[in-house]
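Undergrad: Turn this into a structure:
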Amino acid sequence: MSLRVDVLFFLRGCNRRGWRASSLLGTALVETRTPRSFSTMKYGLVVILVICAAGLMYWLKRKNQPAPESADAKTPSPYVDPKDWLDSRNLGIRTASQADERAARLLPMKGTEDVSSLLVRPKLAPEEEPDYGPREAVEWVIDIAAGHDGVFKRSQILAVFDRSWREKNGLPTIYGRATADKKWTYVDAAGVPDDYDQLALGVDLKPDCPEPLTESRLNEIVRATEAAAKRLGAASTKTRLPAKVAADRARELDALLREHEDARAVVLLAAPEGKTFDGKTIWDALMSLGLRWGDMDEFHWENNDRSRGDDHLFSVSSSTEPGYFLPEEIAAGRLHVSNLVFDFSIPRSADPKVVLEGMLAAATYAQKRLGGALVDGEGGDLNPDVLRNQVANITARLTKAGFPPGHDATMRLF
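TA: Coordinates of the predicted model:
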């Protein structure tokens, strides 16, 4: 017969993403066979006695140990307050001014030189009257005309097109044209008028809508809208596009989004092999460029044009974990990264051509200050002209499809 004794050791270590368990297995194999002589039997009995003695000693030791504490007393609650978890890591939701105050307590908020003139901003778009009406580029619109009295009351609108009705019918946005000033607005927003002379439902055609928008499904929504409109005393309902055309449009938007949703202009500044960039030097270089540290604990070139494009013209992060820049770590001299990643979304850019030139200038200055090499998003040597052509081609395709970068409809789609 054979007797196998296994000893299992558990080692536990911690990495960034959580606890990691590993095991080492030590095996003692004691083998006895049917004795052919008294001598072999004697050795077998000795081995068995040793094992029994070891087992007895182990049992006595366990018996004399004090009783373990109750589970309630010894096991901590698995619940961790999210705010406590974020605060322990210097993370959380803060206003821009709070973020500035946090950083200013630890680091200078201006660089040792001012080279912000290297970054030429896009021209501001002409000021336009805000339009809060339906977006036909990304919505299927159903118009609802008022009845003989010519007025829809806000309270009645929200009672008929309540949350339950909307959830069953594609979650449309409810638009109303105010009787007083003839301007469109969101009927369910706060501080809006009470009287409307026209309504419109905007069914989102984007691919992330709750359900596939087939022709039959859109016709179901039309029938439900007609029934609800009658309860409001509406004179008529009419779709701006036939259901079949709208379903085709939804598929076109899906294809466009899939093609361009990840279209980004990317430039990497890579440290020499085996070396890293120091956090304090990074901070000073990017502050000298006029970038602002804040959102997502990254650096940003702020967009001053609130009518077009993202809040940031481009951002600077790192692929070195954790990927962001905590002022506390920088001030303590603990932050070192192997690269800086300069990038922006082309569809959501206020002006991709101009922003790209600013980003290239920023990356070139950072290289001058930090050293290293500029590479493209694939890790190859950066060719600025190739990147310029890529950005120009994507911009042209989006514009031809009716979605110029940074414009309202484009921001809603991407």
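
Undergrad: okay, CA-based contacts and neighbour counts for the rest of this
TA: OK.

Undergrad: Export only the CA atoms of the helix or strand Leu286 falls within, formatted as PDB.
TA: Leu286 is part of helix 279-288, with elements assigned from DSSP states H and E. Extracted in PDB, the C-alpha atoms of helix 279-288 (Å, rounded to 0.1, in the frame of the first residue of the first chain):
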ATOM      1  CA  GLY A 279       6.900  63.400 -12.600                       C
ATOM      2  CA  LYS A 280       8.100  66.900 -11.500                       C
ATOM      3  CA  THR A 281       9.800  67.500 -14.800                       C
ATOM      4  CA  ILE A 282       6.600  66.400 -16.700                       C
ATOM      5  CA  TRP A 283       4.500  68.700 -14.500                       C
ATOM      6  CA  ASP A 284       6.700  71.700 -15.200                       C
ATOM      7  CA  ALA A 285       6.900  71.100 -18.900                       C
ATOM      8  CA  LEU A 286       3.200  70.700 -19.400                       C
ATOM      9  CA  MET A 287       2.400  73.700 -17.200                       C
ATOM     10  CA  SER A 288       4.900  75.800 -19.200                       C
END
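
Undergrad: Does anything pack onto it? Which helices or strands?
TA: helix 327-331, helix 352-370 (3 or more C-alpha pairs under 8 Å, 6 or more residues apart in numbering; DSSP states H and E).

Undergrad: Run through who's touching the first one.
TA: Spelled out, it's helix 327-331. Contact partners of helix 327-331, identified using C-alpha atoms under 8 Å, 6 or more residues apart in numbering, comprise 102-103, 106-107, 279-280, 335.

Undergrad: Just name the most buried of the helices and strands packed on helix 279-288.
TA: helix 352-370 (a mean of 20; mean count of other C-alpha atoms under 10 Å).

Undergrad: now the helices and strands packed on helix 279-288 in a markdown table, with distance to Phe403 and mean pLDDT?
TA: Converted to a markdown table, those look like this (distance: least, C-alpha to C-alpha, whole Å; pLDDT from 0 to 100):
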| stretch | distance to Phe403 | mean pLDDT |
| --- | --- | --- |
| helix 327-331 | 38 | 96 |
| helix 352-370 | 13 | 99 |
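
Undergrad: Which of those helices sits closest to Leu199?
TA: helix 352-370 (36.5 Å; C-alpha to C-alpha).

Undergrad: tally of neighbours for Glu259?
TA: Counted with other C-alpha atoms under 10 Å, the neighbours of Glu259 add up to 11.

Undergrad: my bad, Trp293
TA: Trp293: 25 surrounding residues under other C-alpha under 10 Å.

Undergrad: swap in the one 3 residues further on?
TA: Each residue near Met296 was counted by other C-alpha under 10 Å, and the total is 15.

Undergrad: how close does it sit to Ser338?
TA: In this view, Met296 and Ser338 are 19 Å apart by C-alpha to C-alpha, to the nearest Å.

Undergrad: ditto for Gly377
TA: Note on Gly377: its distance to Ser338, by C-alpha to C-alpha, is 15 Å.

Undergrad: And the two? Which one has more around it.
TA: Neighbours per residue, other C-alpha under 10 Å: of Gly377 and Ser338, the larger number sits with Ser338, 19 against 16.

Undergrad: Contacts only, for the more buried one.
TA: Counted by C-alpha under 8 Å, 6+ apart, Ser338 has contacts 270-271, 275-277, 318-320.

Undergrad: What of Ser319?
TA: By C-alpha under 8 Å, 6+ apart, Ser319 lies in contact with 338-341.

Undergrad: Dump the residues you listed to a markdown table, plus distance to Gly170.
TA: Below are the contacts of Ser319 laid out as a markdown table (distance: C-alpha to C-alpha, whole Å):
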| residue | distance to Gly170 |
| --- | --- |
| Ser338 | 47 |
| Asn339 | 45 |
| Leu340 | 42 |
| Val341 | 39 |
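
Undergrad: can you give me the helices in the stretch 101-250 of the chain?
TA: Here the stretch 101-250 of the chain has its helices, by DSSP state H, counting those that start in this stretch, at 154-160, 163-168, 215-231, 243-260.

Undergrad: could I get these as JSON lines with mean pLDDT and distance to Ala363?
TA: Formatted as JSON lines, the helices of the stretch 101-250 of the chain follow (pLDDT from 0 to 100; distance: least, C-alpha to C-alpha, whole Å):
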{"stretch": "helix 154-160", "mean pLDDT": "98", "distance to Ala363": "52"}
{"stretch": "helix 163-168", "mean pLDDT": "96", "distance to Ala363": "47"}
{"stretch": "helix 215-231", "mean pLDDT": "97", "distance to Ala363": "49"}
{"stretch": "helix 243-260", "mean pLDDT": "96", "distance to Ala363": "24"}
